[in-house]
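*Asks:* Need a 3D model of the sequence below.
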Amino acid sequence: MAGQVRVDHAVSTGTFSLDGETFDVDNNIWVIGDDDECVVIDAPHSVDDILAVVGERRVKAIVCTHAHDDHVRVAPALREKVVAPILLHPDDRPLWELTHTDHLWDLDLADGQTLDVGGTTLTVLHTPGHAPGAVCLYASELGQVFTGDTLFCGGPGATGRSFSDRPTLEDSIRAKLFALPDDTVVHTGHGDDTTIGAEAAALGR
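*Replies:* Predicted coordinates:
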């Protein structure tokens, strides 16, 4: 018996680089699954940090919320280690190729696509704005959504860099995320959790 689905979390420290600037960042690592299998959401700075959360479980997929280097830097190395496909929305190819010139991801993500793991289902929500191919992953049965850098505790993700657009991001958040129940827990790419209701009240639906 595999046991109940759960969400495991750790923080990994490294850098984010874009447009000729580099910053120190702490990234959340999210792993969803049961005792036997799991999906890794994003692959930031350290394979070892991710494997410490995975443990002995079989990794079904490495799902990238977007292709900024602090979210995909170790994705190919992790793929080699756990023998699992990398999933990314194809609109993020220009960003991916800034970090990985010799390796592509394995499978494209699409809006409305579903991924099954550990007895629960993740639904892909394409939420462009922070990045063209940014996605969120909604676990409706758990009342949780993994938003990458689309939505944080305190508002939308950053849009001051290449390949990003603030009006597009706010439209994505209002259309895709604020349509979810207010008590949905938001697991972000950086920083603390929040809820859909709290962020909708702050930004306005």
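*Asks:* Just confirm Arg174 is within a helix.
*Replies:* Yes - counting by DSSP: H, G, I helix; E, B strand; the rest coil, one finds Arg174 located in a helix.
*Asks:* How about it: what's its closest non-neighbour residue?
*Replies:* Residue nearest to Arg174 in three dimensions, not counting chain neighbours: Arg205, with 6.2 Å by C-beta to C-beta, 6 or more residues apart in numbering. No exception for glycine: its C-beta is placed from N, CA and C like everyone else's.
*Asks:* now Asn27
*Replies:* Nearest non-adjacent residue to Asn27, counting by C-beta to C-beta, 6+ apart: Pro44, 3.7 Å away.
*Asks:* Quick check: phi and psi on the one you found?
*Replies:* Note on Pro44: its backbone torsions stand at phi -70, psi -110 [degrees, to the nearest 10].
*Asks:* ok, back up a step: give me the neighbour count for the residue nearest to Arg174.
*Replies:* 8 (other C-beta atoms under 10 Å).
*Asks:* Arg161 now?
*Replies:* Counted with other C-beta under 10 Å, residues neighbouring Arg161 total 13.
*Asks:* Just the residues contacting stretch 158-167, thanks.
*Replies:* Applying C-beta atoms under 8 Å, 6 or more residues apart in numbering, the contact partners of stretch 158-167 are 18-19, 94-95, 128-132, 149, 156, 169.
*Asks:* From one end of it to the other, what's the distance?
*Replies:* This stretch, stretch 158-167, spans 12 Å end to end (C-alpha to C-alpha, to the nearest Å).
*Asks:* my read: Ile86 touches Cys64, true?
*Replies:* Yes - under the criterion of C-beta atoms under 8 Å, Ile86 makes contact with Cys64 at 6.6 Å.
*Asks:* where do the contact lists of these two overlap?
*Replies:* By C-beta under 8 Å, 6+ apart, the residues touching both Ile86 and Cys64 are 43, 72, 75, 105.
*Asks:* can you pull the contacts of the last one?
*Replies:* Contacts for Trp105 were tallied using C-beta under 8 Å, 6+ apart; they are 64, 75, 85-88, 96.
*Asks:* Buried ones only from the residues you listed, please, as a ChimeraX command.
*Replies:* To isolate the buried subset of the contacts of Trp105 in ChimeraX, counting by 16 or more other C-beta atoms under 10 Å, use the following:
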select :64,75,86,87,88,96
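*Asks:* Need the contacts of Trp105 in CSV (columns: pLDDT, distance to Ala200 and secondary structure).
*Replies:* Listed next are those as CSV, based on pLDDT from 0 to 100; distance: C-beta to C-beta, whole Å; DSSP: H, G, I helix; E, B strand; the rest coil:
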residue, pLDDT, distance to Ala200, secondary structure
Cys64, 98, 26, coil
Ala75, 98, 31, helix
Pro85, 98, 34, coil
Ile86, 98, 32, strand
Leu87, 99, 28, strand
Leu88, 99, 28, strand
Trp96, 98, 31, helix
